[in-house]
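A.B. asks: Below are the sequence and a predicted model; questions follow.
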Amino acid sequence: MNSMVATDAGVAPEEKRATAPALETWATNELMRHVPPVDWMVRKVEADLRKRIAKLTSVFANLPFADPRHPAVESEFRILCKAIERLSDAARPSRRSAQQGDLPTLIDSLLTQAATNLRSLEQTAFGRRGPFHLFDRSKSEPVYAALLAVIAHTERIVPLVRSIDPTIDERLLEGLVVLSDPVDDRVLTPIA
């Protein structure tokens, strides 16, 4: 054992293997708490965002083209389309045909494609930290970031639409609270 290249003199190779950390697997890594599950993201896109955006685009569809607010609102909707495309690409890069048509139809088809791509994600691996020895980043964080960007762009449109239709807030908030068993007035007794 007079070799100059021996670094661990006296340690058997079997002992080295026993003390080395085990390699991680994707399925055994813990879930990242800051990333919601895929089914929540799909519900957010399919239900919440689709309804909210449909109410906003209905106001925009009735706005005359000659109105000076039209270009600013249309520009924000185009930016929202790009954000939805990024969400779709982050979930699953795929080839898609160039979509044409009016803005509400375009947004609806982009939301459908984004929800489909989110559904295609593997639910067991999504949201888990990648194994350290693979040096791969988790795919779930960019997908969630893209969803948050879509939500943020949707909220940027609300003040612009509010300047066109001041009652938009009522329509956006309708259905938020639904009383399943309203209190009967006869049951209430006045407080002494």
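C.D. replies: Good, I have the coordinates.
A.B. asks: What residues of stretch 53-72 count as buried?
C.D. replies: 53, 55-57, 59-60 (16 or more other Cβ atoms under 10 Å). No exception for glycine: its C-beta is placed from N, CA and C like everyone else's.
A.B. asks: Can you pull out the residues in contact with it?
C.D. replies: The contact list for stretch 53-72, computed with Cβ atoms under 8 Å, 6 or more residues apart in numbering, reads 73-74, 77, 80, 102-104, 107-108, 111, 154, 157-158, 160-161, 163-165, 168, 171-172.
A.B. asks: model confidence over that stretch, on average?
C.D. replies: Here stretch 53-72 scores 93 as its mean pLDDT.
A.B. asks: Using CSV, write down the CA coordinates of it.
C.D. replies: Provided in CSV are the C-alpha atoms of stretch 53-72 (Å, rounded to 0.1, in the frame of the first residue of the first chain):
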residue,chain,number,x,y,z
ILE,A,53,-62.2,35.0,-19.6
ALA,A,54,-65.6,34.3,-21.4
LYS,A,55,-67.2,37.1,-19.3
LEU,A,56,-64.4,39.5,-20.2
THR,A,57,-64.4,38.6,-23.9
SER,A,58,-68.2,39.1,-24.1
VAL,A,59,-67.8,42.7,-23.1
PHE,A,60,-64.9,43.1,-25.6
ALA,A,61,-67.0,41.5,-28.4
ASN,A,62,-69.7,44.2,-28.0
LEU,A,63,-67.1,47.0,-28.0
PRO,A,64,-67.2,48.9,-31.4
PHE,A,65,-64.1,48.8,-33.4
ALA,A,66,-64.0,52.6,-33.6
ASP,A,67,-63.9,52.9,-29.8
PRO,A,68,-60.5,54.4,-28.7
ARG,A,69,-60.2,51.7,-26.0
HIS,A,70,-60.5,48.8,-28.5
PRO,A,71,-56.7,48.6,-29.4
ALA,A,72,-55.5,48.5,-25.8
